[in-house]
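*Asks:* got a structure for you, letters missing:
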């Protein structure tokens, strides 16, 4: 079965600090995504990537950077964490074509104080 | 741009009654539509997706029909079970946009 893992599973950060969320997949998928989940907003796309060493902006990229150093790994970086970035973050992967399902990781609960 | 609308934030039902969760979409290209289900403290998982040949997808008693004329992909089930209580997301992707967009989600709560 497809496997996507995320680390850490939860994190408390201070305002203005740097936060890195990591995602690893063993599915051999080309596409990887970062979403944030907030009540009332659903899953919103932050960044995605379809090949190593390249990332694309999603719908809400402000305040976030992404890094795809290899096919298996995709990181989300908050250079200056803010209170409004408190949320649950999900990583997902999928095969190349848009008709394929996404496989989600277990999520990371980030609290910024 | 592409978008998905789920009008109900919360649907509360009595066990055994039919379920219908609404999903409408906007897409420039011929889209693929998906329903994902997320149980409490779990990751979203695919429930079903639209086919290109107008077949009706079904899974775990749920089904959905893609109606291009009304841009809808409503999720239905004839009889709700307590275990169906979860958050349901409708999502869309197309050949021009390989990053699926999700609706705001509908929380389904099934009571005894």
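*Replies:* Noted; the coordinates are in hand. This is a predicted model, so every value here is computed, not measured. Numbering: from 1, shown residues only, chains lettered A, B, ... in the order given.

*Asks:* Parallel or antiparallel, list what pairs with the biggest strand by length in chain A.
*Replies:* Counting residues, the longest strand found in chain A (DSSP state E) is strand A:42-51. Partners of strand A:42-51 in the sheet, by DSSP bridges, are strand A:31-38 (antiparallel), strand A:54-57 (antiparallel).

*Asks:* Please work out which of these is packed deepest.
*Replies:* Between the strands paired with strand A:42-51, strand A:31-38 has the highest mean count of neighbours, a mean of 24, where neighbours are mean count of other CB atoms under 10 Å in any protein chain shown. (C-beta placed from N, C-alpha, C; glycine too.)

*Asks:* pLDDT below threshold where in the chain?
*Replies:* Since no chain was named, I'll use chain A. Residue ranges of chain A with pLDDT under 70: A:1-2, A:97-98.

*Asks:* Switch to chain B, please.
*Replies:* B:51-55, B:97.

*Asks:* Kindly recompute the last result at 90.
*Replies:* Where chain B drops to pLDDT under 90, the residues are B:1-2, B:27-32, B:49-60, B:65-68, B:93-100.

*Asks:* Off-centre distance for the longest strand of chain A?
*Replies:* Put simply, strand A:42-51 sits 7 Å off its chain's centre (CA atoms, centre = their mean, to the nearest Å).

*Asks:* Equivalent analysis for stretch A:61-79, please.
*Replies:* With CA atoms, centre = their mean as the basis, stretch A:61-79 stands 7 Å off its chain's centre.

*Asks:* Then stretch A:46-54?
*Replies:* 10 Å.

*Asks:* Just want the phi and psi numbers for residue A:68.
*Replies:* Torsion angles at residue A:68 (phi, psi; degrees, to the nearest 10) stand at phi -130, psi 80.

*Asks:* so what's the nearest residue to it once chain neighbours are set aside up against?
*Replies:* Distance criterion CB to CB, 6 or more residues apart in numbering or on different chains; nearest residue to residue A:68, sequence neighbours excluded, is residue A:49 at 4.1 Å. Counting by CB atoms under 8 Å, 6 or more residues apart in numbering or on different chains, residue A:49 touches A:31, A:32, A:33, A:55, A:56, A:66, A:68, A:74.

*Asks:* follow-up on the earlier one: any chance of the strands paired with strand A:42-51 in CSV with distance to residue A:4 as columns?
*Replies:* Converted to CSV, those look like this (distance: least, CB to CB, whole Å):
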stretch, distance to residue A:4
strand A:31-38, 8
strand A:54-57, 17
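
*Asks:* Looking at these, which is nearest to residue B:18?
*Replies:* Closest of the strands paired with strand A:42-51 to residue B:18 is strand A:31-38, at 28.0 Å (criterion: CB to CB).

*Asks:* ok, residues contacting the closest one?
*Replies:* A:21, A:23, A:25, A:43-50, A:58, A:60, A:64, A:66, A:68, A:74, A:76, A:85, A:87-96, A:102, A:107, B:98-100, B:102.

*Asks:* And the buried ones among these, selectable in ChimeraX?
*Replies:* In ChimeraX, this line selects whichever of the contacts of strand A:31-38 come out buried by 16 or more other CB atoms under 10 Å in any protein chain shown:
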select /A:21,23,25,43,44,45,46,47,48,49,50,58,64,66,68,74,76,85,87,88,89,90,91,92,93,94,95,102,107 /B:98,99,100,102
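
*Asks:* Return the subset of the contacts of strand A:31-38 lying in strands.
*Replies:* In this view, those that belong to strands under DSSP E are A:21, A:23, A:25, A:43-50, A:66, A:74, A:76, A:87-94, B:98-100, B:102.
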